[in-house]
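*Asks:* have a look at this prediction, sequence included:
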Amino acid sequence: RRHVLSLADFSPADYDVVLQTASSFREVLSRRTKKVPTLQGQVVANLFFEPSTRTRSSFELAAKRLSADTLNFAAGTSSLSKGETILDTAKTYLAMGTDMMVIRHKEAGVPQAIAAEMDRLGVRVGVLNAGDGQHEHPSQALLDLFTICTLFDSEQPRLSLLEGKKIAIVGDILHSRVARSNIWSLTASGAEVHLAAPPTLLPRWFADYVADSDDRSAPNPRQLFVHWTLNPALENADFVMALRLQKERMTSHLLPSLREYHQQFGITRDRLKLCKPEVKVLHPGPVNRGVEISSDLMDDPQFSLISQQVTSGVAVRMALLYLMGGGKVA
Ligand code: CP
């Protein structure tokens, strides 16, 4: 595929190709040299119009491990401040010979608009959505998927390994592009996905899936359930994914008191007793330490997959760049 903008159009085969390719690159990253000539001569531009630590750095490292040249753009020091438009910024990078653009923006739809412009111009430039507003964050969901699947089969991670598992996604669903992409991938796997959030942090369109009403009569082929309280989502869960409270996107009436939020929805050692004994906790980061997850739990390797998620990010982003760039694994 030319662009990776959303997981809505990913097939099970697409997920498995990404998982298998990431697994190959994880092996490359375990070697002493850690580098392959796959994308030598290609240019990857990281166009981040919104702050990032993990996504930007791991795309840059992934591109470098594939021997591509990288260009890093930071909105604050760019010619955007002189009035240049986003599309003209993208065309400027195109004119320098960019082959792939990795784009983050606070507004939903910006990567899609740039991809459409590249297609209109008839150029073979791939666009990767690195997080657009509240819409999607495909590479985050793919690295989450890889992190979970490799726990069950580290050599051959595949989507079907999650069939029948229960996964709770907890917190600020309303503002979370990570949740939206994860809902596509995890429900495609055949897992039961349970969302838990205060009603003010749940999008209205999830109302059809509210499970707290005990009305399970409506067809729910994607096995998506919604709860306004935490415990039903945690009961017998195999995985708990906590989401960051996105204070920067909240109007004051949506922003709960952090203490109250932690009391009602914070993931703690005690609350994990409701889950399967081998439960694992994920968080896409950055974390509001002690709010979404208790501080001690966040650092406990028995439960926390947070560091593994970051590590997986490099291999998964190498896989995405490789698949878009058409190289060969050496
Ligand atoms: N998870 C995530 O997207 O983190 P960054 O904002 O640091 O890239």
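*Replies:* Great, that's in hand.
*Asks:* the residue nearest to Lys280 when sequence neighbours are not counted: neighbouring residues, count only.
*Replies:* What sits nearest to Lys280 in space, not counting adjacent residues and going by CB to CB, 6 or more residues apart in numbering, is Leu305, at 5.1 Å. In short, each C-beta sits where N, CA and C put it, glycine included. Around Leu305 sit 21 other residues, with neighbours defined as other CB atoms under 10 Å.
*Asks:* which residues touch Leu305?
*Replies:* By CB atoms under 8 Å, 6 or more residues apart in numbering, Leu305 lies in contact with 147-148, 280-282.
*Asks:* relative to Ala188, which of these is nearest.
*Replies:* Among these, Ile148 lies closest to Ala188 (CB to CB), at 13.2 Å.
*Asks:* state the distance from the most centrally placed residue in the chain to Phe73.
*Replies:* Centroid-nearest residue in the chain, with CA atoms, centre = their mean: Gln140, separated by 1.9 Å. Distance of Gln140 to Phe73, given as CB to CB, to the nearest Å: 20 Å.
*Asks:* do the same with Ser24
*Replies:* According to CB to CB, Ser24 stands 29 Å off from Phe73.
*Asks:* find the closest residue to the ligand in the stretch 101-250 of the chain.
*Replies:* Relative to the ligand, the nearest point of the stretch 101-250 of the chain is Gln140 (5.2 Å; CB to the nearest ligand atom).
*Asks:* got the buried residues for the helix or strand that residue falls within?
*Replies:* Using DSSP states H and E, Gln140 maps to helix 138-152. Residues of helix 138-152 classed as buried: 138-150 (neighbour count, 16 or more other CB atoms under 10 Å).
*Asks:* same check on stretch 78-97?
*Replies:* Those would be 80, 86, 89-91, 93-94, for stretch 78-97 by 16+ other CB under 10 Å.
*Asks:* which helix or strand in this structure has the lowest average pLDDT?
*Replies:* The weakest-scoring helix or strand in the chain, judged by mean pLDDT, DSSP states H and E, is strand 224-227 (a mean of 90).
*Asks:* tell me which helix or strand comes right after that strand.
*Replies:* Sequence order places helix 231-234 as the next helix or strand after strand 224-227, per DSSP H and E.
*Asks:* got the buried residues for that next one?
*Replies:* Those buried within helix 231-234 under the rule 16+ other CB under 10 Å are 232-234.
*Asks:* do stretch 37-50 as well
*Replies:* 38-39, 42-50.
*Asks:* now do it: distance to the chain's middle.
*Replies:* Its chain's C-alpha centre and that of stretch 37-50 lie 19 Å apart, by CA atoms, centre = their mean, to the nearest Å.
*Asks:* about what we covered before: of the buried residues of stretch 78-97, which are in range of the ligand?
*Replies:* Applying CB under 6 Å from any ligand atom, the subset of the buried residues of stretch 78-97 adjacent to the ligand is empty.
*Asks:* still on that earlier bit, ok, the residue nearest to the centre of the chain - contacts?
*Replies:* Shown in contact with Gln140 (CB under 8 Å, 6+ apart): 55, 131, 177-178, 181-182, 284, 313.
*Asks:* the ligand contacts on this structure?
*Replies:* Within the chain, the positions near the ligand by CB under 6 Å from any ligand atom are 52-55, 131, 140, 284-286.
*Asks:* okay, and which of those map to strands?
*Replies:* With DSSP state E as the criterion, strands contain Gly131 from among those.
*Asks:* is Val102 in a helix, a strand, or coil?
*Replies:* Following DSSP: H, G, I helix; E, B strand; the rest coil, we place Val102 in the strand state.
*Asks:* my guess is it meets Gly131, correct?
*Replies:* No - taking contacts as CB atoms under 8 Å, Val102 lies outside contact range of Gly131: 9.9 Å.
*Asks:* do you know the pLDDT at whatever residue of the stretch 151-300 of the chain ends up closest to the ligand?
*Replies:* Relative to the ligand, the nearest point of the stretch 151-300 of the chain is Pro284 (3.9 Å; CB to the nearest ligand atom). Confidence at Pro284, expressed as pLDDT, is 97.
*Asks:* roughly how far apart are the residue nearest to it when sequence neighbours are not counted and Arg54?
*Replies:* Nearest non-adjacent residue to Pro284, counting by CB to CB, 6+ apart: Val178, 4.6 Å away. For Val178, the distance to Arg54 equals 11 Å [CB to CB].
*Asks:* who has more neighbours, the two?
*Replies:* Legend: neighbour count by other CB under 10 Å for Val178 and Arg54, higher for Val178 (26 against 17).
*Asks:* and the strand or helix carrying the more buried one, what does it pack against?
*Replies:* Element membership for Val178, per DSSP H and E: helix 177-188. With contacts defined as 3 or more CB pairs under 8 Å, 6 or more residues apart in numbering; DSSP states H and E, helix 177-188 has these neighbours: helix 12-30, helix 138-152, strand 166-170, strand 192-196.
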